[in-house]
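**Student:** A predicted structure for the sequence below; I have some questions about it.
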Amino acid sequence: MYRYVCKTMLRRLFLSKKVSYQARLFSGNFRYLEVLNNENNVAIVTMKRAPVNTLNSELLSEISSVLTNLDETKCSGMVLTSFSDKVFSSGLDFNEMYESRPATIRTLVSTILEVIIKLYGSPFPTVAVITGHAPSGGCVLSLCCEYRIMVQNFQIGLNVVKLGYSTPLSIVQLMVNTIGHRNAELALTSGRLFTTNEALRVGLIDEIAKDRASAFDKANDFLNQFKVIPPIARHFTKQSMRRALLQDVSINGKIYVEDFVSLISRPKVQELIAAYMANMKNKKKNSN
Ligand SMILES: CCCCCCCC/C=C\CC(=O)SCCNC(=O)CCNC(=O)[C@H](O)C(C)(C)COP(=O)(O)OP(=O)(O)OC[C@H]1O[C@@H](n2cnc3c(N)ncnc32)[C@H](O)[C@@H]1OP(=O)(O)O
C-alpha cells in the first residue's frame, strides 16, 4: 500500500506542471552553458554568455557537444533558453566576423552549421523558451527547435540583409518551413524583426508567455504530450518532415560555409558590419 501511494504521488509529480527543473546537473564542464536534467529526463540548456548570449565559436561548440551528449544518453527532451530576461541571443559574434582571418570566420560559420544540423535533426523533442530578443542567429537557433514559446514584448527575426549579406539558403529554408514561402520572402528581403505578437500571428513562434515561469509551464505541457508517443515513431516522423533540409546541408554544407565566409570577407560587407556595430554602440551611448 505504502509503495502504491508513493508511486502514485511520484507519477502525479511527473505529470504536474510544477516539475522541478533544478534536478540534476548534467555532467560536462561548460563555460557558457548550464545544463540541468529534470526528473523526466528533459535537459534544460541555458545559454549564459553575458551580457547578451552572443554566439561565438566557443558557445556554439559547447551547444554542439551537449547535443551529441543528449543524443547518446537518450534524453526525453530539451529546452533551450537564456539566463537573461532581456535577450535570448544576439546572434553571431561580430567580433569573430569583423576584420577576422578567414579561418576564424570559417570556424564560426561551420560551428553554427554543425549546431543547426544536430538541433534540427535531433531525435528528441526540442523547445525554445525565448525569454528576450532573438535577432538573427538567435532566431536561427529557435527555428531549429520544434516549438517556440516567447515571452511578451520582445523582438525576433532574421535581419541579416541589413548587414549587407544575403541569407544563406539553408536559413531561408528554415524560415520557409516555419512561416511559409510568402511570409518568409517578405520577412527575409526586408530584414524584418517581429514583435512577439506579430511573430505569433505569422507562425514564427507557437505561444506567448507572460514570463519565464509560465513559458516553462508551457514547454512542459508541450513535452508531456510525447510521453504517450513511441519515441522511434516520433523521431522517424520528424526526420521525414526535416529530411530535405538536412540532406541538403549534409551534402552541400562545405560549399555553403565557403560561400558565406567569402561573402562576409568582402570589403563592402565588412564596412557595413563596422557601421552596424558603431550604430549599436551609439544607440547605447545615447540611451545612457
Ligand atoms: C552556411 C550556412 C550556415 C550559416 C548560418 C549563418 C546564419 C546567419 C544568421 C545570423 C547572422 C548573425 O547572427 S549576425 C549578428 C546579428 N545580430 C544583430 O543584429 C543583433 C545585434 N544586437 C542587438 O540588436 C542588441 O544587442 C540586442 C537587441 C540583442 C540587445 O540590446 P541591449 O540593449 O540589451 O544590449 P546592447 O546592445 O547594449 O549589447 C550589449 C553588448 O553586447 C554587444 N553585442 C550585441 N550584439 C552583438 C553581436 N552580435 N556581436 C558582438 N557584440 C554584440 C554590444 O555591442 C554591447 O557591447 P558593449 O557593452 O561593449 O557596448
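**Tutor:** Yep, that arrived.

**Student:** so which bits of the stretch 151-288 of the chain are right by the ligand?
**Tutor:** 159, 160, 168, 170, 171, 256, 257, 260, 280, 281, 284 (C-beta under 6 Å from any ligand atom). For glycine as for every other residue, the C-beta is placed from the backbone atoms N, C-alpha and C.

**Student:** now do 5 Å
**Tutor:** Selection of the stretch 151-288 of the chain residues close to the ligand by C-beta under 5 Å from any ligand atom yields 168, 256, 257, 260, 280, 284.

**Student:** what helices or strands is whichever strand or helix holds the last one leaning on?
**Tutor:** Element membership for residue 284, per DSSP states H and E: helix 267-287. Using 3 or more C-beta pairs under 8 Å, 6 or more residues apart in numbering; DSSP states H and E as the contact criterion, the secondary-structure elements in contact with helix 267-287 are helix 231-265.

**Student:** correct me if wrong: residue 117 contacts residue 256.
**Tutor:** No: using C-beta atoms under 8 Å, residue 117 is not in contact with residue 256, being 11.3 Å away.

**Student:** show me what contacts the residue of the stretch 51-200 of the chain found nearest the ligand?
**Tutor:** Relative to the ligand, the nearest point of the stretch 51-200 of the chain is residue 91 (2.6 Å; C-beta to the nearest ligand atom). With contacts defined as C-beta atoms under 8 Å, 6 or more residues apart in numbering, the neighbours of residue 91 are 54, 55, 135, 136, 137, 138, 139, 140.

**Student:** if I've got this straight, the last one is in a helix?
**Tutor:** Pointing back at residue 140 there. Yes: the assignment for residue 140 is a helix, going by DSSP: H, G, I helix; E, B strand; the rest coil.

**Student:** residues near the closest residue to it other than its chain neighbours, how many?
**Tutor:** Leaving aside its sequence neighbours, residue 140 sits nearest to residue 171 (C-beta to C-beta, 6 or more residues apart in numbering; 6.0 Å). For residue 171, the count of nearby residues is 25 (other C-beta atoms under 10 Å).

**Student:** tell me, what residue is most central in the chain?
**Tutor:** residue 141 (2.3 Å; C-alpha atoms, centre = their mean).

**Student:** sounds good, over and out.
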